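A.B. asks: how does the following fold in three dimensions:
(chains A, B, C and D)
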Protein chains: 2
Amino acid sequence: MSNRLFMGTDHERLIRKLESIVQLNDTERRALGSLPLRNKNYSEDTDIVHQGDAPGECCLVLEGFVCRYKVLGRGQRQIVSFHIAGDIPDLQSLHINPMDHSLGALSACRLAFIPHAALATLMRDHPRLAAAFWRNTLIDASIFREWLCGVGRRNAVERIAHLICEMFVKYEAVGLTRNGSFQLLITQAEYGDALGLSTVHVNRSLQTLRKQGLIASKGSRTEILNWEELKKAGDFDPMYLHMQPLDLAA
Amino acid sequence: MSNRLFMGTDHERLIRKLESIVQLNDTERRALGSLPLRNKNYSEDTDIVHQGDAPGECCLVLEGFVCRYKVLGRGQRQIVSFHIAGDIPDLQSLHINPMDHSLGALSACRLAFIPHAALATLMRDHPRLAAAFWRNTLIDASIFREWLCGVGRRNAVERIAHLICEMFVKYEAVGLTRNGSFQLLITQAEYGDALGLSTVHVNRSLQTLRKQGLIASKGSRTEILNWEELKKAGDFDPMYLHMQPLDLAA
DNA sequence: CGAAGGCTTGATAGACCTCAAACACAGTGG
DNA sequence: CCACTGTGTTTGAGGTCTATCAAGCCTTCG
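C.D. replies: Numbering: from 1, shown residues only, chains lettered A, B, ... in the order given. Just a heads-up that it's a prediction; the model follows:
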């Protein structure tokens, strides 16, 4: 397939993502490769989609670090998910509008927007791709459930350890780790907003993880020192990430 | 359509549910009405599907009260959702297996099981029904996000008030309320497991809601006395429930 | 260099948990 | 009919975890 030569690497990011969800054949890969992508850059701490909007496109993260969050009545922020390259954080906007949450860039990032209409035709013509996208949103939901367990039942140290484990596995899946470690760039305030903790308490809990020799951090950069123990400390079992691609009958 | 005469009320429950998600035409109603349903009863406090199982059917709640929950490493339970008549709590099993959580009956209940294969053909032949089912799981996810905000950022009284509001709206949607009130049958231990609180603290928080005249309860039965104030107390905005059926182009 | 953002530390307060016991109520069996 | 049991609710006391407030420090960046 010399087709590959004509595909921008942006499409490849999408294809690799879908391939991590279901096994694809060449027709499907080609169909994905011809989706219209509108690229756009965002700088740190800007909103991509706002709570209440009814967007007509979904966005694919190409580079950078993105989160979904809600702002509650008293102004408190709750981050409900983090997203990295390959993720499609607002796929749900295909079927539920308006947005019940916002999408924000936590770092400078590069995104590709795909019109809903293009996705709709794609999925009409390729039911297995439709299943893949659906499955993607279901895995999302599974992660929400796990986070719910975290804030509901785990203490601060466990929550942080668990989150670091989850992010490590996600980074590893897209090849963003090096010899068992990775660079996680999350401020302590962001940890807090994601885990339901105050910044101060995040700081102290990170210190205990550091004292235990499980992680190292300088600035807002976190590295893993002892993966096995960190998993134990966070009660982490990657099952809920459902990372084995589904082998649908072709 | 004298067809309706031949449909059991069980199918009607399913049809009404789908109609609350998208607008249906007669063909779609008929297709839903001919789905094979295998009925089964469960007694209180029994598991319907277990964490780790890979079920080949989805279940529709016909009567009773059902929850999804996870058991964490240290044996703590976290309830992640409640379900009532009309809900299809494990629709996600269509595309993610094995189950990352369990499904349990909190009261005696009557369920109808639908084979995955039957749902797959139905959705292949009726893309708008496929969209409706997908949308259903997306609303599920939206509720998870809202619960995440609750345990992450709201205090005990707010969480309880919010949950009661949510359940009231869901009961109302299926006609299980009477003159602005309803019968919510949740034990304090269940409140705690859903909201990340201890039973004792649930008890005390319920008492403050009662003292404020917002709810009344005898035994494990809760009633709403002041809806407007209860919404305020729980910082409740039903937007995240996405209850307006989608008007898909037919 | 100063400013800003993020990290760190200390002290204090409050929310929530745990343990333990009493109470209320419904169902069961003699 | 009544004791008995089990489940769920209520109350009290004490302790832990986490939040809040306030200040100082460090790094980055213009």
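A.B. asks: use CA for all of it now, contacts and neighbours both
C.D. replies: OK.
A.B. asks: all strands of chain A, in order?
C.D. replies: Listed in chain order, the strands of chain A (DSSP state E) span A:38-42, A:46-49, A:57-63, A:66-71, A:77-83, A:102-105, A:109-115, A:184-185, A:215-218, A:221-224.
A.B. asks: what packs against the second one?
C.D. replies: In other words, strand A:46-49. Under the contact criterion of 3 or more Cα pairs under 8 Å, 6 or more residues apart in numbering or on different chains; DSSP states H and E, strand A:46-49 touches strand A:102-105.
A.B. asks: mind giving me the packing neighbours of the strand it packs on?
C.D. replies: strand A:46-49, strand A:66-71.
A.B. asks: what comes up buried for stretch A:194-214?
C.D. replies: Residues of stretch A:194-214 classed as buried: A:Ala194, A:Leu195, A:Gly196, A:Leu197, A:Thr199, A:Val202, A:Asn203, A:Ser205, A:Leu206, A:Gln207, A:Leu209, A:Leu214 (neighbour count, 16 or more other Cα atoms under 10 Å in any protein chain shown).
A.B. asks: likewise stretch A:228-248?
C.D. replies: Per 16+ other Cα under 10 Å, stretch A:228-248 contains these buried residues: A:Leu230, A:Lys231, A:Ala233, A:Gly234, A:Asp235, A:Phe236, A:Tyr240, A:Leu241, A:His242, A:Pro245, A:Leu246.
A.B. asks: repeat for stretch A:36-51
C.D. replies: A:Leu37, A:Tyr42, A:Asp47, A:Ile48, A:Val49, A:His50, A:Gln51.
A.B. asks: quick one: which of the residues you listed is nearest DNA strand D?
C.D. replies: A:Tyr42 (15.5 Å; Cα to the nearest atom of the strand).
A.B. asks: tell me the pLDDT of the closest one.
C.D. replies: The confidence metric pLDDT takes the value 95 at A:Tyr42.
A.B. asks: please work out the angle formed by the directions of the lengthiest helix in chain A and strand A:77-83.
C.D. replies: Identified as the longest helix of chain A according to DSSP state H is helix A:127-153. Here helix A:127-153 points in a direction 140 degrees away from that of strand A:77-83 (axes from the mean of the first three to the mean of the last three Cα atoms, to 10 degrees).
A.B. asks: picking that back up, and the buried residues of stretch A:194-214, which two are furthest apart?
C.D. replies: The most widely separated members of these, counting by Cα to Cα, are A:Gly196 and A:Leu214 (21.8 Å).
A.B. asks: centre-most residue in chain A?
C.D. replies: Relative to the mean C-alpha position of chain A, the nearest C-alpha, by Cα atoms, centre = their mean, is the one of A:His83, at 2.6 Å.
A.B. asks: confirm for me that A:Met99 is in contact with A:Pro89.
C.D. replies: No - between A:Met99 and A:Pro89 there is no contact under Cα atoms under 8 Å: 11.8 Å.
A.B. asks: who in chain A is up against chain B?
C.D. replies: A:70, A:72-73, A:76-78, A:80, A:92, A:95-97, A:100, A:124, A:127, A:131, A:134-135, A:137-142, A:144-145, A:147-149, A:151-153, A:194-197, A:235, A:239-240, A:242 (Cα under 8 Å from any Cα of the partner chain).
A.B. asks: which non-adjacent residue is nearest A:Tyr69?
C.D. replies: In this structure, A:Tyr69 finds its nearest non-sequential neighbour in A:Ile79, 4.1 Å apart by Cα to Cα, 6 or more residues apart in numbering or on different chains.
A.B. asks: separation between the one you found and A:Leu122?
C.D. replies: Computed as Cα to Cα, to the nearest Å, the A:Ile79 to A:Leu122 distance reads 31 Å.
A.B. asks: more neighbours, these two?
C.D. replies: A:Ile79 (25 against 18; other Cα atoms under 10 Å in any protein chain shown).
A.B. asks: pretty sure the more buried one sits against A:His101.
C.D. replies: No - judged on Cα under 8 Å, A:Ile79 makes no contact with A:His101 at a distance of 9.4 Å.
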